[in-house]
Every structure is written in C-alpha cells, then in structure tokens.
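In: Sequence below, structure please.
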Amino acid sequence: MYEWLVQNAWILWLSLFLLLAVIEMLTLDLYFILMSAGALAAAIAFLLGAPFWLQIVVFSVVAIAMTIFVRPVAIAHLRKGPREQRTNIDRLIGHSAVVVSPVSADGGLVKIGGDTWTARIRTGELLPVGQDVEVAAIEGATAIVVLRGTSASPDSSATAAGH
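Out: Residues are numbered from 1 along each chain as shown. Below you'll find the model as predicted:
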C-alpha cells in the first residue's frame, strides 16, 4: 500500500487539493484554501521527482507559510473600509422612493432607484400614488417607508416639527 501511495502520490495531493478547496468554499475562513495551495505545491514536487517525505515537507512548509504570511494580508484586504459600511439592501435605508401603488400598513408598491418594491407604512396613513417617501427600514423583501422629513433621526423630526 505504501509503495502504491509513493508511486501515485499525485492522486493524493490532487485529491487533498480539491477536498480542501471544497471545504474552503463551505467555510470561507481562508485557512483551507491556503492549505490546498500546499497540496498543489506537493503535487508539483511529485512531478519534479521529489521523494514522498520531501513532498510532505513541501506541503507543510507551504501551508504554514501561506497561513502566516498570506492570510493576514488577505483578511485585511477583505475587511478594507469602515466596519459600519452598509452593503446590499441596507444601503437603501434613507433613500427616497415614489409610491406607485397606494401604500398602507397592509402593503403597497414603491419605486426605489429603478426597482419596484413592496412597501408598508407603520402608521395608519394611506399614501397616494406619486407621494415622495423615504425608506426607513427593510424587512425581508418589504421596504418600510415614511413621509419625507419624518425619518427616525432626531434632527429631521425636529425640523419637521418646526414647520
């Protein structure tokens, strides 16, 4: 068995490379992809005629070196920008929208940017078609809207109360 493994070590390294890459896709920790780079380096060492013990050393050294030197740089690059930076649908909060189908507490439709969203208003009002509103929150696939100038921030409510 050992002799077969030594003669066909490329199968071991390629399988380990693929297995670690799949595990990385599931975990997204940036550990397993770096270890898979070690397996790929060991496969290259096999192709260059290195003995099996040296392939294991190459795998270990490359995996550890990648984890120590590449992972911190990759993590820093992925987390670049302010921590509180909003992404995806959270960016819509605070955007203006236009009512395209009357909006009540039960539902309606608004156009945000160029997209039509289902919407609700938390008060008992009925917002008519064409009314300018502001997105206060996103709950699932529904935009919670308020009349422009009545958002939850203290400055805008003080401004609205002053008029």
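In: Could you use CA atoms for every contact and neighbour count after this?
Out: Noted.
In: Helix, strand, or coil at Ala97?
Out: strand (DSSP: H, G, I helix; E, B strand; the rest coil).
In: contacting residues around it?
Out: 110-113, 132-135 (CA atoms under 8 Å, 6 or more residues apart in numbering).
In: Quick check: it vs Leu109, distance?
Out: Using CA to CA, to the nearest Å, we find Ala97 at a distance of 10 Å from Leu109.
In: likewise Ile93?
Out: Distance from Ile93 to Leu109, by CA to CA: 16 Å.
In: Of those two, give the one with the bigger neighbour count.
Out: Taking other CA atoms under 10 Å, Ile93 and Leu109 do not tie; Leu109 has more neighbours (21 against 16).
In: Could you double-check that that one sits in contact with Ile121?
Out: No - counting by CA atoms under 8 Å, Leu109 does not reach Ile121; the two are 10.8 Å apart.
In: by contact count, what packs against the longest helix seen in the chain?
Out: As assigned by DSSP state H, the longest helix anywhere in the chain is helix 9-27. Contact here means 3 or more CA pairs under 8 Å, 6 or more residues apart in numbering; DSSP states H and E; on that basis helix 9-27 packs against helix 32-47.
In: just the angle between the helix it packs on and helix 9-27, please?
Out: 170 degrees (axes from the mean of the first three to the mean of the last three CA atoms, to 10 degrees).
In: Dump helix 32-47 to PDB, restricted to CA.
Out: This file holds the C-alpha atoms of helix 32-47, laid out as PDB (Å, rounded to 0.1, in the frame of the first residue of the first chain):
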ATOM      1  CA  PHE A  32      -8.300  25.600   3.800                       C
ATOM      2  CA  ILE A  33      -7.600  27.400   0.500                       C
ATOM      3  CA  LEU A  34      -4.100  28.100   1.800                       C
ATOM      4  CA  MET A  35      -3.600  24.500   2.800                       C
ATOM      5  CA  SER A  36      -4.800  23.500  -0.600                       C
ATOM      6  CA  ALA A  37      -2.000  25.600  -2.100                       C
ATOM      7  CA  GLY A  38       0.400  23.400   0.000                       C
ATOM      8  CA  ALA A  39      -1.200  20.300  -1.500                       C
ATOM      9  CA  LEU A  40      -0.700  21.800  -5.000                       C
ATOM     10  CA  ALA A  41       2.900  22.600  -4.200                       C
ATOM     11  CA  ALA A  42       3.400  19.000  -3.000                       C
ATOM     12  CA  ALA A  43       1.900  17.700  -6.300                       C
ATOM     13  CA  ILE A  44       4.400  19.900  -8.200                       C
ATOM     14  CA  ALA A  45       7.200  18.400  -6.000                       C
ATOM     15  CA  PHE A  46       6.000  14.900  -7.000                       C
ATOM     16  CA  LEU A  47       6.100  15.900 -10.700                       C
END
